Structures are given as structure tokens and as C-alpha cells.
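Trainee: build me a structure from this.
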Amino acid sequence: MNALIPLVCGAIFSAGVCIAGMVRPSKVLGFLDFGGRWDATLLVVFATALALHVIAWRIVKGARAPRFGAQFPGPPSKVIDARLVGGAVLFGIGWGLAGYCPGPAIVAVVSGAKSTLVFVAAMLVGIALAHALKSDDRTE
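Mentor: Here you go, the predicted model:
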């Protein structure tokens, strides 16, 4: 049963980003084009995600343990450092240039579009590089 939950969640996420158009770079780039033909429809996606998140946390707020896991995650870090800012900048540049977020890009891989495959390959190289750099930091 526990193996089925991530599969169902992934399927719901995939369907949602497809329906919302987030797997189409033109849709995302249209949202980011404030000076041209701005497409504000992705605001609905963001607002829906935020509303669902608020509702979900209200539901689990009083629980002692998660229903489908060993423990709740710890509180997020409040540190704003170069690593956080650099990652946010890289994410924003990648999103603005390619029109993909990591999750929707992985969903869009099934399209076989060359631009999607190049983006995901570059993203995986970046993840591996970040992981290697983080590992180097720990050994010092």
C-alpha cells in the first residue's frame, strides 16, 4: 500500500501540470512576459496549490505522527545564504530561459521533444554537480 501512494500522487501531479499547461514552455514563458502578451492563467495554478497546501496543513496540524510515514519533516531552515540565493537565481534563469520547472519538465519527457530532453539532461547534470559540491563541503 505504501508503494502505491507515491504512484498515485505522481499521477495526480502529472495530470495537474498537463491540464494547467505547465508542460508547455510557451505557456510558462507567456506567464513571465510582463511587457508583452502576459498570460496570467498560471496564477490559478499557483493559487490552487497554495490553497491546497494551507488546507492540508490545517488537517495534519494536530496529528502526532503522519499517516503514511515515520515522522513529519523538521522545520525549514531560516538561513538565507549564498547557496539559497544562488539556487533561486539559477532556478529563475532556467525557468525564464527554458520555460520549465523541474517537475513539469520530468513529466514532459514522455513527449520526446528535443528541448525537453536537453533541459532534463542539463538539470540532472546540475543536480549531480550540486550534490558533488555539497559532498566536498562535508569532507573539509
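Trainee: which residues of the chain score low on pLDDT?
Mentor: For the chain, the stretches flagged by pLDDT under 70 are 1, 135-140.
Trainee: separation between residue 113 and residue 76?
Mentor: 34 Å (CB to CB, to the nearest Å). No exception for glycine: its C-beta is placed from N, CA and C like everyone else's.
Trainee: who has more neighbours out of these two?
Mentor: residue 113 (14 against 6; other CB atoms under 10 Å).
Trainee: ok, that one to residue 119 distance?
Mentor: The value you get for residue 113 to residue 119, if CB to CB is used, is 9 Å.
Trainee: ditto for residue 22
Mentor: Taken as CB to CB, the span from residue 22 to residue 119 is 13 Å.
Trainee: in contact with the closest residue to residue 99 other than its chain neighbours, which residues?
Mentor: Nearest non-adjacent residue to residue 99, counting by CB to CB, 6 or more residues apart in numbering: residue 25, 2.7 Å away. By CB atoms under 8 Å, 6 or more residues apart in numbering, the residues touching residue 25 are 98, 99, 100, 115.
Trainee: close enough to count as contact, the first one and residue 120?
Mentor: I take that to be residue 98. No: when contacts are counted by CB atoms under 8 Å, residue 98 is not listed as touching residue 120 (10.0 Å).
Trainee: between these two, what contacts are shared?
Mentor: Common contact partners of residue 98 and residue 120 (CB under 8 Å, 6+ apart): residue 105.
Trainee: that concludes my questions; thank you for your assistance.
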